[in-house]
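K.L.:
All I have is the shape, not the residue letters:
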C-alpha cells in the first residue's frame, strides 16, 4: 500500500506474481520499490520509506516474525535497510498488506494508524519530543507500534526506529526518515488469516528446522543465545582475541569475565522473550522493563569505550533505545571522540553525551553526525572506525579475515550481518574455516551475502541459519506459497537482490575504492595472548581477495556493476519499478 | 584450497570410504581447481556452473558401501529414506538419479546435499568448505550401511528377506573385516594438569576414529578437571582435537563454551552426578543398527521411537534410550544421563553410544569398543 503523507492519499498496489518470484519480499521487494528513486536525496519527499514483510511472515515457520525497513540511508548514502523483529511484520501481514510505501511530508507531526484496510493519519503533536518508551506505552493498545524517538527529531544520522518498545530497526539511520516526513509513529492492527498453500508440508518442513535448532549449541544450547541472548558471544570473542577495545586499538578486554552475559544474568535476572513466532527467545527483559544489551551493544559500551560498569551499559542501552538511536553507531562515535580527546570517558560522561546526542545539544550535535563526519570535522579522519560511513560492530577483522572482506563488500557499509562469516570463522557453522586466511573467503562471502539477502527477504532471522539452511527453508517457502523453489533458486534471487543494491550504490557515486577498511587494521596488530599473535591484515592479500570477490560477484575490475551481469540476473539496468 | 582438497580426499581413502584414485574433488574460489584429471570433469564443471556451490565431490564408494548403496538405490523410487539420526537431522533423505546427466544431478542437488548415481558413485557438494562434501559423502555411506543391515535383520525375522537381499548380505559380510580392537593403553589418570587432560582427550578421540567407531569423524568427548569440563567443540574431528576443546566452567560463569558440542548438557549432567569424570560418544554402526531393530508388533508409538519409547530395551547389556540431538524437549540430554547412572554405556536410538570412565579414557573407550563388538556379535546371532 502506498501512503502519501503530503496529500493524505492512499493507494493499494498489487504487484504481479513475477515480481514476487524475482524479489521474494522483505529486503528484496523493498529494494525493488526503492531502485528508481534511490538517486534522490534521502530527505526528498519522493524518497520512499518502505516497510515490507516477507512471504513467511505470519505463518508458523520458525523465526518468521521479522520484517524489513528500507530507504536511502541518511548516515551512509547507500541503500539502507534494517531487519527488525517484534510484532509489526505479523500485524501488517494480517492486516492484508505485504508492504507499505510511505512518501511525502505531513504538514504537522502525525502518526499513521492502520487497522486492516483502514488507514488513518492522526495528529501526533502531543508526542513531539517523546521518548520511545513513553510513546509506546501510550500507543500499544493500537496494535504493533513503530516509533522514532527524540534523536530523529534532533537530526541524529544514526537515529533508528523502535518497534514494540524493544526491537530496533537500526544501523542505517532510518529513524531520520520519520522526522523528515513529520511522522512520529506507525501502528498496525490486523485481523486476517494467512493462507498456507500446503499446511501438511509446512508442518513437516517446520519439524525439520526445529530439530536442527535443538541440535544447535549456539541457538538452544545451555550457553547459547536462547539462554543468554547474543551477549553469549562476549566471552568467546574476547577469548579469540577479537574484541574491539579502545576504539579498535586493542583486541582484548581484561575485565571480560566480570562484564559477561553470566554477570548480567546474575545481576538482573531477566526473563526470556522474542519476536513473534520465534522459539529461540534471544531477547532478555529485566523486571523493570529494560532490555539486556545485545552482544554488539555490550561489547561497544564496555570494551570499545573502556567502561567496566554493568549498570552504565544497561543505562546506555536504555537511553539509546528511548532516544531512538543505534547503539553500535552511538558507542563507536563516542569511542572515536574518546580517542580524539585523548582521555577515557567516565561512566557518567558516556550517559550524558548520549543524552546530548539525542537532544542535539552542545557537542552532541556534532557527535550525532556519526563517527566519520565527526572525525573529519576534528581533523582526525583516521580515528573513525567505519566503512562507507557506517561504524563497525563488535568483531575485530584482524581476528577473522572473512569478516574483514565482508565489512568491505557489504552494500550497507561496515556491517557484520550482510555475510556473517563469524558463523564459520568462530562458531564453526556449517563447518569451521581458518579465520586467519583469505583463501576461499571471496566465494564464501559472496555466497553468504546472497544467502542473507534471501533470509532478509523471506523474512526470517539470520540466527536460525546457524542451524538450518536454505534446503529446509526452500521447502517452507514452497509449502507456504505453493511456488516450487529450490534452495538454489532462492540463492539466484538473493544474488539478484544483492546486485541490485550494488547498482543503487553505484548510482549514488560509490565505487570499488569504497569497499575498504580503515588503515588501522593494516598497520597495527591486535592484542595476542602469548601463544596467539594477532598481526595486522596483509594489505596485498586483502586486495587480492577483494579482486577475487569482484570476479565472482560479476563486478568489473574497478568494482562496479555491469550491464551484462545485470541482464544475466534479469535486472533492468535503467530502472525497475512503477514506483 | 588445494591443501583442503588433498586433506579430504586423503580422509576418504584413509577412512575406507573410497579407494585410492577414486575421489574426484573440485573446489573454486575465483578459479576452479581439481585434485586430478578425469573424463567426468566436464560433466562436473557443468554441474558447478548450475549451482551456487564452492566444492564438488564425486566418488565411487569403496566396498562394502558400494554394493549397499547400489542395492538400496535400485528399488527406491528416486529417494532412499534411512532412519538413523544423522540422516533424519541433517540430510533428511538421499536422492537417487538415473544417470550422470548434469540436468538431473543439478535438480537433485538444488534440493538435497547429495545425489546417488547407481553404479557410478555419490556426488556431494560444499558451499563453504570441501569438508562439507566429505562429511555428506561419509554420512550417506554410513546411512546406507545402517539401513541395509537394519532392514535385513527385520526382514529375516519377518521371514520376508528376498534372495537378492540375501545375496547382497553374503557379499558385503565378507568385506566387514575383524572387529576393532585397541592394542595399547590410553593415558592413565587421574590427570594432574590441563595439558595432560587435553593430550588424553586427543589420544582417545584419535583411537575412536582409528577403530572406526564413528560416522565421518563425529562424536564428542569430555573430561572434568578442576571444576572445568573440557569438551570437544561442535563439528570437530575426533581425530584432530588440537585447538578444538572448549573449557567450560561447571558453575556456568562463562559462555566461552558456546562452541562446545551440542551434547554439552548431557556431558555436564553425567559428570555432575559425581561418579564419572570422562565421557566418550561415538557412532559405532552395529550399535546403531541394533537400536533400530525392534520386535514389538503394533506399537502405538511406531514412528516416534527416536522421541520416546514405552519399552525398556537393551543391547550388549546396556540400555537403548530415545532422544534427539541437543537440548529440545525430546533431547538425549534428558535420557542419557539417568541411563548412565547405572550402566557403563547407553545406546541412543538410531544415533550412537555414550560411555563413561572414572578417571581416564581407558574404561570409557573399552566400553565403547565392547558394546560395539557385542552388538555386532548379537546382530549375527539374531539372524
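P.N.:
Great, that's in hand. Computed from a prediction, not measured in an experiment: that's the story for all the values here.

K.L.:
which stretches of the chain have low pLDDT?
P.N.:
Using chain A here. A:576-579 (pLDDT under 70).

K.L.:
meant chain B, my bad for not saying
P.N.:
B:76-77.

K.L.:
Now do the helices in it.
P.N.:
Per DSSP state H, chain B carries helices over the ranges B:2-14, B:41-49, B:65-73, B:85-86, B:102-109, B:130-158, B:163-173, B:194-210, B:264-272, B:285-292, B:336-340, B:362-382.

K.L.:
So what's the residue count around the residue nearest to residue B:310 when sequence neighbours are not counted?
P.N.:
In this structure, residue B:310 finds its nearest non-sequential neighbour in residue B:301, 6.0 Å apart by C-beta to C-beta, 6 or more residues apart in numbering or on different chains. Just so you know, the C-beta spots here come from the backbone N, C-alpha and C atoms, and that holds for glycine as well. When neighbours are defined as other C-beta atoms under 10 Å in any protein chain shown, residue B:301 has 13 of them.

K.L.:
So residue B:301 versus chain A, what's the distance?
P.N.:
16 Å (C-beta to the nearest C-beta, to the nearest Å).

K.L.:
Just give the number of residues close to the residue of the stretch 101-250 of chain B found nearest chain A.
P.N.:
With C-beta to the nearest C-beta, the shortest gap between the stretch 101-250 of chain B and chain A falls at residue B:110, namely 3.6 Å. The local packing of residue B:110 (other C-beta under 10 Å) involves 19 other residues.

K.L.:
got a markdown table for the helices of chain B, with mean neighbour count and distance to residue B:244 too?
P.N.:
What follows is these, written out as a markdown table (neighbours: other C-beta atoms under 10 Å in any protein chain shown; distance: least, C-beta to C-beta, whole Å):
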| stretch | mean neighbour count | distance to residue B:244 |
| --- | --- | --- |
| helix B:2-14 | 18 | 15 |
| helix B:41-49 | 16 | 30 |
| helix B:65-73 | 22 | 27 |
| helix B:85-86 | 25 | 20 |
| helix B:102-109 | 19 | 29 |
| helix B:130-158 | 23 | 13 |
| helix B:163-173 | 14 | 34 |
| helix B:194-210 | 20 | 9 |
| helix B:264-272 | 23 | 14 |
| helix B:285-292 | 26 | 24 |
| helix B:336-340 | 22 | 22 |
| helix B:362-382 | 20 | 19 |
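
K.L.:
Would you mind putting those into TSV with distance to residue A:368 alongside?
P.N.:
Formatted as TSV, those follow (distance: least, C-beta to C-beta, whole Å):
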stretch	distance to residue A:368
helix B:2-14	47
helix B:41-49	49
helix B:65-73	64
helix B:85-86	53
helix B:102-109	50
helix B:130-158	45
helix B:163-173	72
helix B:194-210	49
helix B:264-272	44
helix B:285-292	61
helix B:336-340	54
helix B:362-382	60
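
K.L.:
between those helices, which gets nearest to residue A:519?
P.N.:
For those, proximity to residue A:519 was assessed by C-beta to C-beta; helix B:2-14 is nearest, at 31.0 Å.

K.L.:
Break chain B down into its structural domains.
P.N.:
As assigned by automatic domain parsing, chain B contains the domains B:2-173, B:194-382.

K.L.:
can you tell which of these is closest to residue A:140?
P.N.:
That would be, of those and by C-beta to C-beta, domain B:194-382, which comes in at 31.8 Å.

K.L.:
In contact with the closest residue to chain A within chain B, which residues?
P.N.:
Proximity of chain B to chain A (C-beta to the nearest C-beta) peaks at residue B:328, 3.1 Å away. By C-beta atoms under 8 Å, 6 or more residues apart in numbering or on different chains, the contact list for residue B:328 reads A:210-211, A:213-215, A:220.

K.L.:
The longest helix seen in chain A: which residues count as buried?
P.N.:
In terms of residue count, the longest helix belonging to chain A (DSSP H) is helix A:487-507. By neighbour count with 16 or more other C-beta atoms under 10 Å in any protein chain shown, helix A:487-507 contains the buried residues A:487-506.

K.L.:
next one: stretch B:304-312
P.N.:
B:305-306, B:309.

K.L.:
center of the chain, which residue is that?
P.N.:
Here I'm looking at chain A. Chain A has residue A:82 as the residue nearest its centroid, 4.3 Å off, counting by C-alpha atoms, centre = their mean.

K.L.:
who does the residue nearest to that residue when sequence neighbours are not counted bridge with?
P.N.:
Residue nearest to residue A:82 in three dimensions, not counting chain neighbours: residue A:169, with 3.8 Å by C-beta to C-beta, 6+ apart. As for beta bridges, residue A:169 partners with residue A:161 under DSSP bridges.

K.L.:
Let me see the contact set for residue A:169.
P.N.:
A:69, A:82-84, A:146, A:160-163, A:175.

K.L.:
what does residue A:488 give?
P.N.:
Here residue A:488 is in contact with B:50-52, B:106, B:109-110 (C-beta under 8 Å, 6+ apart).

K.L.:
for residue A:477, same thing?
P.N.:
Neighbours of residue A:477 in contact, by C-beta under 8 Å, 6+ apart: A:55-56, A:458, A:483, A:485, A:490.

K.L.:
among those residues, who's most crowded?
P.N.:
Busiest of these [other C-beta under 10 Å] is residue A:56, holding 31 neighbours.

K.L.:
what about that one, which SS state?
P.N.:
coil (DSSP: H, G, I helix; E, B strand; the rest coil).

K.L.:
Need the nearest residue in space to it, chain neighbours excluded.
P.N.:
residue A:64 is the one closest to residue A:56 (C-beta to C-beta, 6+ apart), at 3.9 Å.

K.L.:
Could you report the neighbour count for the one you found?
P.N.:
Neighbour tally, residue A:64, other C-beta under 10 Å: 31.

K.L.:
residues contacting it?
P.N.:
Taking C-beta under 8 Å, 6+ apart as the test, what residue A:64 contacts is A:54, A:56-58, A:277, A:458-460.
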